[in-house]
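Student: Here you go, sequence then predicted model.
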Amino acid sequence: MAQKTVKTMKELVALCKRRGFIFQSSEIYGGVASTYDYGPLGVELKRNLKEHWWRAMVQLRPDIEGIDSAIIMHPKVWVASGHVDEFVDPLVECKQCHHRFKGEDVENLDKCPVCGTKGSFTEPRLFHLMFQTYMGPIQSEENIAYLRPETAQGIYVNFENVRTPARQKIPFGIAQIGKAFRNEITPGNFTFRTREFEQMEMQYFVHPSEAEKWYEYWREQRINWYYSLAFHKDKLHFHEHEKLAHYASAAVDIEYDFPFGRSELEGIHNRGDFDLSRHQEYSGRTFEYFDQQRNERYIPYIIETSGGVDRCILALLFDSYETEPERDDPDRIRTVLKLHPKIAPVKVGIFPLVNREGMPEIAREIEKQLRPHFMVFYDDGGSIGRRYRRQDEAGTPFCVTVDGQTLEDETVTIRERDTMVQVRVKISEIPEMVQRYTDEWERDKGL
Ligand code: GAP
């Protein structure tokens, strides 16, 4: 029997390219360093993931409002936020092998971890992480603008613009999903650290005396959200911060055991009143909130949950990636993405067993019926085994095959991705079966 293999970054990158999940940006020109494009399957997965977050964090909660703020903000925002002064990383280079090291790594360097040379580093230089551009036709100092390095600031500056029309009272939150940009010195590990990425952030505004309580609450909520995606629970961890960012008074990361090491997916921070106080100071507007119940005026404290869309996708791909012997042919290995059916890019693959005897016509008709309800994929290329294998690699949870018996009794086979079990059902029962299998899948995973 063929053996299971260990998953590596190389295998995953190859699968992402082969199946059209993620590939190098501007590839025909040699690519742009650490910049990636999401293909047809990748974009569906990303949309489903964001939808899952938005539903949990906004639509199912009466206390959280959504927002979509601009990427380019007033440059003063980044002075007030501390980014202009603080968002820098010390950078050193090994004089021998020219490998660069940044941030916290610089402090502990003695011997180059790459080539082994001792004490041969350039003097640390400060490197600014914000991308800078100019607004308008004149490239002068006063026209400098920045691409936002986080979506959070778009929420803080709109605190009153959201709270007043939404008639929210503290405690309440504002959530946003959007692109952020950082001129990272050492991007890498595929989409883990890139210069352009997407964040899913939520800022929860609370009374100062309740900040700790809400911090604990959001820690639990956020890890449970990752569990709801059917992650292997033993691969997710909390990491408490001892060294804090300039804005935080408490911070914890949710980390995942990637093949390249345990690394951050999301940060949960108690930001105190830092952000609103600073914007009050720099804008001249008041951010004081009058709490009618307490008969008290105060600047709300903020509990932030800040996750990366791309990192979560990468973790999901790793977590769901498995290689295992084929059921019918144990000498063959199949690669399968055991993604949660709700976020899988394609829900149902539809195949005519052969391209004749009326089978393609029926399969096309089934495709037409299902398309308004599910993301489907019609495939009539190659042997049925190869078609199953392609859908396994795409993470498609169900495959419907039209065969000779379909012509006689309007039944098809449905194959379930993880168990590879096939059952015969009436064509009219396909949507119901997909739902039932999805429910069973969730129940088996304890979701
Ligand atoms: N508003 C707080 C904030 O931005 P952060 O820890 O700097 O906090 C939050 O970033 C999340 O954004 C990270 O946990 C990560 O998922 C994602 N992220 C940050 N930098 C990234 C990068 N260069 N590439 C991909 N994702 C990144």
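Tutor: It's in. Numbering: from 1, shown residues only.
Student: What residue in the stretch 1-150 of the chain comes nearest to the ligand?
Tutor: Nearest to the ligand in the stretch 1-150 of the chain, going by C-beta to the nearest ligand atom, is residue 150, at a distance of 3.6 Å. (Each C-beta comes from the backbone N, C-alpha and C, glycine too.)
Student: Quick check on that residue: phi, psi?
Tutor: Main-chain dihedrals, residue 150, degrees, to the nearest 10: phi -160, psi 160.
Student: and for stretch 119-139, what are the contacting residues?
Tutor: 72, 78, 83-84, 87-96, 101-102, 106, 109-112, 140, 143-147, 149, 181-185, 195 (C-beta atoms under 8 Å, 6 or more residues apart in numbering).
Student: buried subset of those residues?
Tutor: Among the contacts of stretch 119-139, those classed as buried by neighbour count (16 or more other C-beta atoms under 10 Å) are 78, 83-84, 87, 89-94, 101-102, 112, 145-147, 149, 181-184, 195.
Student: residues from the stretch 1-150 of the chain in reach of the ligand?
Tutor: residue 150 (C-beta under 6 Å from any ligand atom).
Student: remind me which residues of the stretch 1-150 of the chain are low pLDDT?
Tutor: Applying pLDDT under 70 to the stretch 1-150 of the chain picks out residues 1-6, 103-104.
Student: which residue packs closest to the residue of the stretch 1-150 of the chain closest to the ligand, ignoring adjacent ones?
Tutor: residue 180 (5.3 Å; C-beta to C-beta, 6 or more residues apart in numbering).
Student: Surely the one you found is in contact with residue 149?
Tutor: Yes - the criterion here is C-beta atoms under 8 Å, and residue 180 meets it with residue 149 at 5.7 Å.
Student: Residues that sit against both of the two, list them.
Tutor: With C-beta under 8 Å, 6+ apart, residue 180 and residue 149 have no common neighbours.
Student: which bits of the stretch 151-300 of the chain sit near the ligand?
Tutor: 152, 182, 184, 193, 194, 197, 199, 201, 264, 265, 266, 267.
Student: give me that answer again for 5 Å
Tutor: When proximity is defined by C-beta under 5 Å from any ligand atom, the stretch 151-300 of the chain lies next to the ligand at 152, 182, 184, 193, 194, 197, 199, 264, 266, 267.
Student: SS state for the third one?
Tutor: On the three-state scheme (DSSP: H, G, I helix; E, B strand; the rest coil), residue 184 is labelled coil.
Student: which residues sit in contact with it?
Tutor: Contacts of residue 184 by C-beta under 8 Å, 6+ apart are 34, 129, 193, 194, 195.
Student: can you pull up the bridge partners for the third one?
Tutor: By that I understand residue 193. For residue 193, the beta-bridge partners are residue 188 (DSSP bridges).
Student: pretty sure it contacts residue 34?
Tutor: Yes - assessed by C-beta under 8 Å, residue 193 is found in contact with residue 34 at 7.2 Å.
Student: between the two, what contacts are shared?
Tutor: With C-beta under 8 Å, 6+ apart, residue 193 and residue 34 have common neighbours 184, 187.
Student: in the protein, which helix has the most residues?
Tutor: helix 211-228 (DSSP state H).
Student: which residues are in contact with the next helix or strand after it?
Tutor: Moving toward the C-terminus from helix 211-228, the next helix or strand (DSSP states H and E) is strand 236-240. Strand 236-240 has contacts (C-beta under 8 Å, 6+ apart) with 219, 223, 226-227, 251-257, 262, 264-265.
Student: 7 Å instead, please
Tutor: Contact with strand 236-240 is made by 223, 226, 252, 253, 254, 255, 256, 262, as judged by C-beta atoms under 7 Å, 6 or more residues apart in numbering.
Student: Narrow these to just the buried residues.
Tutor: Applying 16+ other C-beta under 10 Å to the contacts of strand 236-240 flags 223, 226, 252, 253, 254, 255, 256 as buried.
Student: name the element the third one belongs to?
Tutor: Looking back up the chat, that one is residue 252. Judged by DSSP H and E, residue 252 forms part of strand 250-258.
Student: could you give the mean pLDDT of that strand?
Tutor: In this model, strand 250-258 has a mean pLDDT of 96.
Student: Could I get the average pLDDT for the helix or strand that that strand is followed by?
Tutor: Following strand 250-258 in sequence order, the next helix or strand is strand 261-272 (DSSP H and E). On average, the pLDDT along strand 261-272 is 97.
Student: Just the residues contacting strand 261-272, thanks.
Tutor: 192, 211, 215, 218-219, 222, 237, 247-256, 301-308, 311-312, 315.
Student: Using JSON lines, please lay out the residues of the stretch 151-300 of the chain next to the ligand together with distance to residue 348.
Tutor: Formatted as JSON lines, those follow (distance: C-beta to C-beta, whole Å):
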{"residue": "152", "distance to residue 348": "39"}
{"residue": "182", "distance to residue 348": "39"}
{"residue": "184", "distance to residue 348": "39"}
{"residue": "193", "distance to residue 348": "35"}
{"residue": "194", "distance to residue 348": "32"}
{"residue": "197", "distance to residue 348": "31"}
{"residue": "199", "distance to residue 348": "32"}
{"residue": "264", "distance to residue 348": "35"}
{"residue": "266", "distance to residue 348": "31"}
{"residue": "267", "distance to residue 348": "37"}
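Student: From the residues you listed, pick the one nearest residue 432.
Tutor: residue 266 (36.1 Å; C-beta to C-beta).
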